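S.K.: sequence unknown, structure follows:
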């Protein structure tokens, strides 16, 4: 989980960041495992629930939540249940998303439905969502009524955004919609993953740490920019990565016809017969796209500079997130947690994993 | 939605029951529709969410919840949000269940995934679950913190039971498990549908009506017996019913290989080559079962008296529920709501819809 060197990262900072990310991740994973009832082992439901959470991953969401709490002087431990709830929701969302997209690999291994079949996998996703509820209810005893209620409100909004974003993206595929501009992507991405990946973890952590509503809201723009930078880099890695490096099937997004920044760029750069050929392939069901066709689209992207374009967009979003940390979030006193949040911005766009 | 005449029902009682059931249903449906955000109309998510709830149905769960509340002197209105939350959860569960079982029809119309494809339907189920959360959170302002927290605890348990029951049933199909006795079915049925169909609606209604924990717990055995009677009758209707009458594809359960009381009975009644042939057909994937094979299983059931047997079991469970109403629940003062709960027992096993 090392970070590629880049001028924005000081020497040694990648080790420090990886170490701290690893700490948050270990804490969250341990708590998550503890929360899956042992009696569900009987019929293997427990194995299915723990499958994705135990695969290697960065643990970005719990880390953001706990670090935001610490940045306001709160205890990491106080944000733990909420951080785990968000991580469980994330994994449930991945399980359902993989079914919806017909994805074959997740983090280098077969997707849950490829492994256990759609019925059991779908149900395991639902089970993970119930465990989310349990974790949030346990906040009543540790954080009191008022903060717990407010966390519930944040979570309700977060999940509503996610299903709406998912519905927008699935609708594009379902209705073969290609007349898209980048701002369509930003809005969809904000809703589908931005809220639950960055904005809500920060807001909820800040809330637990005792932040005022004004301070909590200051995370919105930061999380929006960080989330989109993260998602674009994720999409680039999916495109470039071989299976061993990235852990999803090679160019899986292209096979799925997923509308990414580079694909929207490519479609807008092409015209006439090239555009027709492109859209013709993209609209085919996943199974009917040949490897040659996928490779051809990839070559078109290289030729039209779509991937370079997407990288520039991701950098621009990350840069804005960094600025916001130094302006709208400048009221945060210096702390290890603040340093971590700031360093994450670079990590998110320069990571190779 | 009329009830077949039977000695246990007094003349006119069916009309009275249907009328009251219709009242609860109208109230719950109106509130449910109000709760689906209008802005979700944009990308048709709203249409998908409302598809199942607007199909004809009995509305048993909201009715139980509101009637249990009234039986303790509570106001129908106070149980409305919780009743709608349960109804939304039920519909989300149906959407996911239909995907998991590969069902083609639901209440006489194509299932949601048959209509809109698996991806959008699966996501709509997730969206319905978020709306459940919203309805439960709104209890804070109408019922106060303590009761709202307790309702959340009830709901968490209810949903956990449902996903566990679903996992047990899907596991039987997935692993071609046929060595089952009736008590295996009762436990699975209690978990999969018993809690959310009968026990939890009654408990939550009673809780809102101000019942003591002892009084709330008195509904457990009642709900258990009512729930299993209801489920068996549901399974019998699926088997017997033509599409127009029942609204699921004819003998859909047999095509799915669903372990019902009659199928467990049949498997245990057969031996040797007949049993082998039977299991051979049942283990085939749905699409590979021919109509002739399904008809043959149905004929075997008639021959071995499996359907008559299931009817007897359902009547026995209903009879026990009726007894419990007159013994463990005898502390309930006479009221229209109590009369309704008692009449529902007969309705559940004598209904043809």
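M.R.: Nice, I can see it. None of the values given here were measured: they were computed from a predicted structure. Numbers count the residues shown, from 1 in each chain, chains lettered A, B, ... in the order given.
S.K.: show me where chain A has its strands.
M.R.: With DSSP state E as the criterion, chain A has strands at A:105-106, A:109-110.
S.K.: now do the first one, average pLDDT.
M.R.: Averaging the model's pLDDT scores along strand A:105-106 yields 90.
S.K.: which elements pack onto it?
M.R.: With contacts defined as 3 or more CB pairs under 8 Å, 6 or more residues apart in numbering or on different chains; DSSP states H and E, strand A:105-106 has no packing partner among the helices and strands. For glycine as for every other residue, the C-beta is placed from the backbone atoms N, C-alpha and C.
S.K.: quick one: strands adjacent to that strand?
M.R.: strand A:109-110 (antiparallel) (DSSP bridges).
S.K.: give me whichever of the strands of chain A is most buried.
M.R.: Per-residue neighbour counts averaged over each of the strands of chain A give the maximum for strand A:105-106, namely a mean of 21 (mean count of other CB atoms under 10 Å in any protein chain shown).
S.K.: ok, residue A:173 - contacts?
M.R.: Residue A:173 makes contacts with A:256-259, B:119, as judged by CB atoms under 8 Å, 6 or more residues apart in numbering or on different chains.
S.K.: circling back: is it possible to get TSV of the strands of chain A that adds distance to residue A:263?
M.R.: Converted to TSV, these look like this (distance: least, CB to CB, whole Å):
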stretch	distance to residue A:263
strand A:105-106	20
strand A:109-110	25
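S.K.: out of the ones you listed, which gets nearest to residue B:53?
M.R.: Of all these, it is strand A:105-106 that lies closest to residue B:53, at 32.7 Å by CB to CB.
S.K.: coming back round to it: now tabulate the contacts of residue A:173 in TSV and tack on neighbour count, distance to residue B:152 and pLDDT.
M.R.: Converted to TSV, the contacts of residue A:173 look like this (neighbours: other CB atoms under 10 Å in any protein chain shown; distance: CB to CB, whole Å; pLDDT from 0 to 100):
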residue	neighbour count	distance to residue B:152	pLDDT
A:256	19	37	85
A:257	21	40	87
A:258	18	36	91
A:259	23	37	95
B:119	22	30	96
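S.K.: can you flag which of those residues belong to helices?
M.R.: A:256, B:119 (DSSP state H).
S.K.: closest to residue B:171 among the contacts of residue A:173?
M.R.: If you rank the contacts of residue A:173 by distance to residue B:171 using CB to CB, residue B:119 comes first, at 24.7 Å.
S.K.: excluding chain neighbours, what is closest to the closest one?
M.R.: If you skip the residues right next to it in sequence, residue B:119 has residue A:100 as its closest partner in space, 3.7 Å away by CB to CB, 6 or more residues apart in numbering or on different chains.
S.K.: that neighbour contacts residue A:166, doesn't it?
M.R.: Yes - shown here, residue A:100 and residue A:166 form a contact pair, counting by CB atoms under 8 Å, at 7.3 Å.
S.K.: more neighbours: which of the two?
M.R.: Neighbours per residue, other CB atoms under 10 Å in any protein chain shown: of residue A:100 and residue A:166, the larger number sits with residue A:166, 26 against 22.
S.K.: enumerate every residue touching that one.
M.R.: Residues in contact with residue A:166 (CB under 8 Å, 6+ apart) are A:93, A:97, A:100, A:192, B:123, B:126.
S.K.: over to residue A:280?
M.R.: Counting by CB under 8 Å, 6+ apart, there are no residues that residue A:280 touches.
S.K.: residues contacting residue A:118?
M.R.: With contact taken as CB under 8 Å, 6+ apart, residue A:118 is in contact with A:99, B:99-100, B:118.
S.K.: out of the residues you listed, who's nearest residue A:238?
M.R.: Comparing every one of the contacts of residue A:118 with residue A:238 (CB to CB), the shortest separation belongs to residue A:99, at 17.7 Å.
S.K.: give me the phi and psi for the residue lying closest to residue A:282 once chain neighbours are set aside.
M.R.: With sequence-adjacent residues excluded and distances taken as CB to CB, 6+ apart, residue A:282 is closest to residue A:257, at 4.8 Å. According to degrees, to the nearest 10, the main-chain angles of residue A:257 amount to phi 70, psi 30.
S.K.: residue A:257 and residue A:288 touch, don't they?
M.R.: No - contact criterion CB under 8 Å: residue A:257 and residue A:288 do not qualify, at 11.1 Å.
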